[in-house]
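> Fold the following for me, if possible:
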Amino acid sequence: MLLLFDKGLLAIGNILFISGISLIIGLERTIKFFFGPQKLKGSVFFFGGVFIVLIGWPLIGILIELYGFIYLFGGFLPVIVSFLRRIPFIGTLFSLPGIKQLMDKIGDGNSMV
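Below is the predicted model of the structure:
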């Protein structure tokens, strides 16, 4: 639990996340993704959260990063939920009564990957 909010480890994780996206989709597309007009609000929150983690407030920074992350990648959530429903154990878990209604709200129940 002590290392969960270590600002050094969180900073390394953030750097690796951003560099991983750059390596997967390319530097130019990464810049277009993060600084496009529709994604600017999410990028400000995400990078603001990274900055707040670096200055020493990891819990507040993680929450701000999480909001920015959801704002940036929220369009991918239905695809992710649809994919996870097809995995044997996780699909069964997603079929449980309380979780099923939540997953139906996040992703379309009839979508195809």
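> which non-adjacent residue is nearest the residue positioned nearest the centre of the chain?
The centroid of the chain falls nearest to Phe69 when counting by Cα atoms, centre = their mean (4.3 Å). Excluding its sequence neighbours, the residue lying closest to Phe69 (Cβ to Cβ, 6 or more residues apart in numbering) is Phe46, at 6.0 Å. In short, each C-beta sits where N, CA and C put it, glycine included.
> Report the contact partners of Gly107.
77-82, 85 (Cβ atoms under 8 Å, 6 or more residues apart in numbering).
> Just the buried subset of these, written out for ChimeraX, thanks.
If you want just the buried ones from the contacts of Gly107 in ChimeraX, going by 16 or more other Cβ atoms under 10 Å, the selection is:
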select :78,81,82,85
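> I'd like the contacts of Gly107 as CSV, with distance to Phe33, pLDDT and secondary structure appended.
Shown next, in CSV, are the contacts of Gly107 (distance: Cβ to Cβ, whole Å; pLDDT from 0 to 100; DSSP: H, G, I helix; E, B strand; the rest coil):
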residue, distance to Phe33, pLDDT, secondary structure
Leu77, 16, 84, helix
Pro78, 18, 87, helix
Val79, 16, 88, helix
Ile80, 17, 86, helix
Val81, 21, 86, helix
Ser82, 22, 87, helix
Arg85, 26, 88, coil
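> Longest helix in this protein, please.
Identified as the longest helix of the chain according to DSSP state H is helix 7-25.
> For that one, buried residues please.
Within helix 7-25, the residues scored as buried using 16+ other Cβ under 10 Å are 10, 14, 22.
> Which elements pack onto the next helix or strand after it?
For helix 7-25, the following helix or strand on the C-terminal side (DSSP states H and E) is helix 27-35. Counting contacts by 3 or more Cβ pairs under 8 Å, 6 or more residues apart in numbering; DSSP states H and E, helix 27-35 is packed against helix 7-25, helix 40-55.
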